[in-house]
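Q: Here is a sequence together with a model predicted from it:
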Amino acid sequence: MASPHERSSETPSEGPFPEITTRKLREQSQLDFEIEFMSRVLERDPFFVDAIRLHAENLAAKGEYSRALQLDRRLVRLAPEDEVVWYNLACTYAMLGMIDPAFAAIQRSLELGYRNLRRLLRDSDLKSLRRDARFARLLVRFEFIF
């Protein structure tokens, strides 16, 4: 690593991601940039949990739920005791219309300790689940509603 007083001898095209040009960056939205950047990070380290999580969130924000689902499934294998990972998997399943797997994932999230009732009731990703009678039963089972 160069000291703070030295200039790097790398030219922009020799950096860790040489194919990313300044012009290309200007033409992209921040979300597109993050998606491309995180894809490249994960090419180098496919088990970087925080990068997988951010990449899945960005893909979902862009509406690329099928791609996000692949990452969410990887996350539950890498962090099986993380209730937020399971919650996000439920959201992705729900957005893809995969209601039964979404309920299984949200139930697992609740079993692991997820307790953000406000988010459960307002998250637009879970709209399809809230219309299903199983959602109210889960709220009762996990003592959100008595």
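A: It's in.
Q: which intervals of the chain have sub-threshold pLDDT?
A: Scanning the chain for pLDDT under 70 picks out 1-28, 146.
Q: quick one, strands of it?
A: In the chain, no strands are found when defined by DSSP state E.
Q: now the helices for it?
A: 22-27, 30-44, 49-61, 65-78, 83-95, 99-111, 117-122, 127-130, 133-141 (DSSP state H).
Q: what's the angle between the last one and helix 99-111?
A: To tie it back to what came earlier, the one meant is helix 133-141. On the basis of axes from the mean of the first three to the mean of the last three CA atoms, to 10 degrees, helix 133-141 is oriented at 10 degrees to helix 99-111.
Q: now swap in the fourth one and tell me
A: If you take the same axes, to 10 degrees, helix 65-78 sits at 40 degrees to helix 99-111.
Q: Show me how far helix 65-78 is from its chain's centre.
A: 8 Å (CA atoms, centre = their mean, to the nearest Å).
Q: which parts of that helix are buried?
A: Tyr65, Arg67, Ala68, Leu69, Leu71, Asp72, Arg73, Arg74, Leu75, Val76 (16 or more other CB atoms under 10 Å). Glycine gets a C-beta too; all of them are placed from N, C-alpha and C.
Q: list the contacts for the fourth one?
A: So that's Leu69. Taking CB atoms under 8 Å, 6 or more residues apart in numbering, we find Leu69 in contact with Leu89, Thr92, Tyr93, Leu96.
Q: Need those in a markdown table (columns: neighbour count and distance to Ala104).
A: Putting these into a markdown table (neighbours: other CB atoms under 10 Å; distance: CB to CB, whole Å) gives the following:
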| residue | neighbour count | distance to Ala104 |
| --- | --- | --- |
| Leu89 | 25 | 9 |
| Thr92 | 27 | 13 |
| Tyr93 | 25 | 8 |
| Leu96 | 15 | 14 |
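Q: Nothing else from me, thank you.
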